[in-house]
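K.L.:
I'll drop the sequence and a predicted model, then ask my questions.
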Amino acid sequence: MVVLLCYIITFSVTVDYQPILTINNLSLLDSKDRDSQHSLFKNITFDVSQGEVLAIMGPSGIGKSMLSKAIAGFLPSDVMAVGSIQLNGSEISQLSMLQRSQAQRPAVIFQDALKALNPLASVGQQLSLALTTNKTRLNTETREAITTLLKQLGFSEPGAVLALHPSQLSGGQRQRICIAIALLGSANLIIADEPTSALDPITEAEILSLFLRSVQQRKVGGILITHDLAAALACNKLLVISDGSMVAYGSPFDAIRQSQHPFCLQLQQLLPE
């Protein structure tokens, strides 16, 4: 409960910017049987603005991660997106990641940081590639930019970290590197898909706080897919998906309290007074 209150006081702020991402009536359907009514969910609508973090919650298997894949352009061939996904004013619902321009690609922080990072490349090489898009060798300018960011992300000796490989880092350190890669790139939308589920509670709290603070301070947009109610309440908005549709959306506390869906009624019992 102490961690929950810390999240809410520190990070729940109001923003008023133009939307970076706009989702309108999005459905994810079975592409192998277009005449069927089988879908992960239907008619999802929401937006994400600069400096704003949207939490997405729902029962396991409801399609939260598939929604992030639709936004990022990673949908598998057996899933079809119907509806609108606009990122920075461009319609991208039918474009794979490889078909998109740089401005149409969000950054993604995956659940398993060890698999997301290249085991054969040093941390410095991977961060340099994220910053320059085509260079793995650090020069004075890139090294300064990277070490400054790593200090902001809690590394006390960033210069030493650059020479290490992912297997030489702890789980929390690897997730910090993944956040750094997302921030160093040009994407102004960052999707974090349950980035802390494999971490201990203390490290989890640190990483979530770091993600929320980084998105809001840099005025990019953020999406946090999570089962952690404390983290969701710290975000600017909350979207709850259950039974194939959106059952709550808006300010986290209000969205949960105003919904009569069984999943939200369970969440209401966990809300702090």
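P.N.:
Yep, it's here.

K.L.:
how about the helices in the stretch 151-273 of the chain?
P.N.:
For the stretch 151-273 of the chain, the helices defined by DSSP state H, counting those that start in this stretch occupy 158-161, 171-184, 201-218, 229-234, 252-258, 262-268.

K.L.:
packing partners for the fourth one?
P.N.:
Looking back up the chat, that one is helix 229-234. Using 3 or more Cβ pairs under 8 Å, 6 or more residues apart in numbering; DSSP states H and E, the elements in contact with helix 229-234 are helix 2-11, strand 53-57, helix 201-218, helix 252-258. Using the backbone N, CA and C atoms, a C-beta is placed for each residue, glycine as well.

K.L.:
of all those, which lies closest to residue 234?
P.N.:
Nearest of these to residue 234, taken as Cβ to Cβ: helix 2-11 at 3.6 Å.

K.L.:
Please name the strands paired to the following helix or strand past the closest one in the sheet, noting orientation.
P.N.:
Going down the chain from helix 2-11, the next helix or strand is strand 19-30, by DSSP states H and E. Neighbouring strands of strand 19-30 in its sheet, by DSSP bridges, are strand 39-49 (antiparallel), strand 79-87 (antiparallel).

K.L.:
Would you tell me which of the helices and strands packed on helix 229-234 gets closest to residue 179?
P.N.:
Of all those, helix 201-218 sits nearest to residue 179, with 6.1 Å by Cβ to Cβ.

K.L.:
Does anything pack onto the closest one? Which helices or strands?
P.N.:
Using 3+ Cβ pairs under 8 Å, 6+ apart, helix 201-218 sits against helix 2-11, strand 53-57, helix 171-184, strand 189-193, strand 221-225, helix 229-234.

K.L.:
What average pLDDT does that helix get?
P.N.:
Averaging pLDDT along helix 201-218 gives 85.

K.L.:
residues of it that come out buried?
P.N.:
By 16 or more other Cβ atoms under 10 Å, the buried positions in helix 201-218 come out as 203-212, 214-216.

K.L.:
and if you look at stretch 193-203?
P.N.:
193-196, 199, 203.

K.L.:
Repeat that for stretch 47-61.
P.N.:
The neighbour-count check on stretch 47-61 (16+ other Cβ under 10 Å) flags 47-58 as buried.

K.L.:
same check, this time on stretch 266-273
P.N.:
Buried residues in stretch 266-273 (16+ other Cβ under 10 Å): residue 267.

K.L.:
Can you check the distance spanned by it, start to finish?
P.N.:
Stretch 266-273 stretches 15 Å from its first residue to its last (Cα to Cα, to the nearest Å).

K.L.:
Quick check: mean pLDDT of it?
P.N.:
For stretch 266-273, mean pLDDT is 91.

K.L.:
Please state the offset of it from the chain centre?
P.N.:
Centroid separation between stretch 266-273 and its chain, computed with Cα atoms, centre = their mean, to the nearest Å, is 24 Å.

K.L.:
closest to residue 96 among the buried residues of stretch 193-203?
P.N.:
Residue 96 has its nearest neighbour among the buried residues of stretch 193-203 in residue 193, at 17.8 Å by Cβ to Cβ.

K.L.:
residues contacting that closest one?
P.N.:
Each residue near residue 193 by Cβ atoms under 8 Å, 6 or more residues apart in numbering is listed here: 64-65, 68, 108-111, 225.

K.L.:
List just the nearest of the residues you listed to residue 241.
P.N.:
Closest to residue 241, out of all of the contacts of residue 193 and judged by Cβ to Cβ, is residue 64, at 6.4 Å.

K.L.:
before we move on, could you check phi and psi at the closest one?
P.N.:
Note on residue 64: backbone dihedrals following degrees, to the nearest 10 are phi -60, psi -50.

K.L.:
hang on, isn't it packed against residue 241?
P.N.:
Yes. Look at residue 64 against residue 241 with Cβ atoms under 8 Å: they come within range, at 6.4 Å.
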